[in-house]
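Asker: here is a sequence with its predicted model. Questions after.
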Amino acid sequence: MNASSSLSPALSALQTRLKHSFKNPDLLRQALTHRSFSSDHYERLEFLGDSVLSLAVSDLLYQALGSLPEGDLSRVRANLVKQETLHQLAISAGVPAAILLGEGEMRSGGQKRPSILADTLEALIGAVYLDGGFTAAQALVQRLYQSVEINPAMPAIGKDPKTELQEWLQGKRLHLPSYRVVATLGAAHMQTFDVECEIAQLNLTERGIGGSRRAGEQAAAQAMLQTLKSREKP
């Protein structure tokens, strides 16, 4: 009995669409499991996948838009890894049909929720990285983005708070901020994330709360921007 034969039809079909055959099918299951379904959920894989995705997209942009300066490359990358983009990529890959959700989350439309789909896609990238290494994960990212137009005009798209904060710090030649989840609040299907944003060089921390880790990070970045801008006022 091979690894693929132990998967449900929905997971097997997704594996085929992703074009990565998992040596360890448990990683695929975990990547698709929301915390409302099981304690063995995708959040650790999502954390890993977020970093793998950032590196793979950075390499993609370096090759495609090598003439752009660092700040513009960062802004294009922010557009490619934001929730809205990942949500659409997850739908295109057929991720909603394979997500494992608890009953309450299913009833409340969790299969269509952008934050869940974006987080699940990152978890899948993290799972592929653990299963096949960075080369396999990078190949998956390249396949996912092959239909996404990447061009120098993308920096004109509005900045989100995390991108704006990053560019502010780069302009001051300071290190990028770090983010960490301080607490998760509420029931699994109605959870909020309390996230801390820290700029160690300035000895500053701010907090933000959102309905997903990503939204919490954006809220914390917005709070940090307000603090920094108030400090600049005469």
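Answerer: Perfect, thanks for sending it. What you are looking at is a predicted structure, and each value in this text was computed from that prediction instead of being measured.
Asker: drop to CA atoms for contacts and neighbour counts, all remaining ones
Answerer: Fine.
Asker: before we move on, what SS does Glu198 have?
Answerer: Following DSSP: H, G, I helix; E, B strand; the rest coil, we place Glu198 in the strand state.
Asker: pretty sure it sits against Pro177.
Answerer: Yes. If you go by CA atoms under 8 Å, Glu198 and Pro177 touch, sitting 5.5 Å apart.
Asker: report the buried residues of stretch 223-234.
Answerer: 223-225, 228 (16 or more other CA atoms under 10 Å).
Asker: which one of the residues you listed is nearest Asp72?
Answerer: Distance to Asp72, by CA to CA, is smallest for Leu225 among the buried residues of stretch 223-234, at 19.3 Å.
Asker: phi, psi of the closest residue to the closest one other than its chain neighbours?
Answerer: Nearest non-adjacent residue to Leu225, counting by CA to CA, 6 or more residues apart in numbering: Leu165, 6.2 Å away. Main-chain torsions, Leu165, degrees, to the nearest 10: phi -60, psi -40.
Asker: show me what the helix or strand encompassing Gly216 is packed up against.
Answerer: Element membership of Gly216, judged by DSSP states H and E, is helix 213-232. Helices and strands touching helix 213-232, by 3 or more CA pairs under 8 Å, 6 or more residues apart in numbering; DSSP states H and E, are helix 161-171, strand 192-199, strand 204-210.
Asker: got the buried residues for the longest one?
Answerer: To tie it back to what came earlier, the one meant is helix 161-171. 161-169.
Asker: which SSE is immediately downstream of that helix?
Answerer: Following helix 161-171 in sequence, per DSSP H and E, is strand 178-185.
Asker: next, the buried residues of that next one.
Answerer: 179, 181, 184.
Asker: hey, what's the second one bridged with?
Answerer: For Val181, the beta-bridge assignment (DSSP bridges) gives partners Val195.
Asker: how close does it sit to His41?
Answerer: 16 Å (CA to CA, to the nearest Å).
Asker: check Glu198 too.
Answerer: Glu198 is 27 Å from His41, by CA to CA.
Asker: what is the helix or strand where Asn79 lies packed up against?
Answerer: Per DSSP H and E: Asn79 is located in helix 70-81. Contacting helix 70-81 under the criterion 3+ CA pairs under 8 Å, 6+ apart are the following elements: helix 43-64, helix 161-171.
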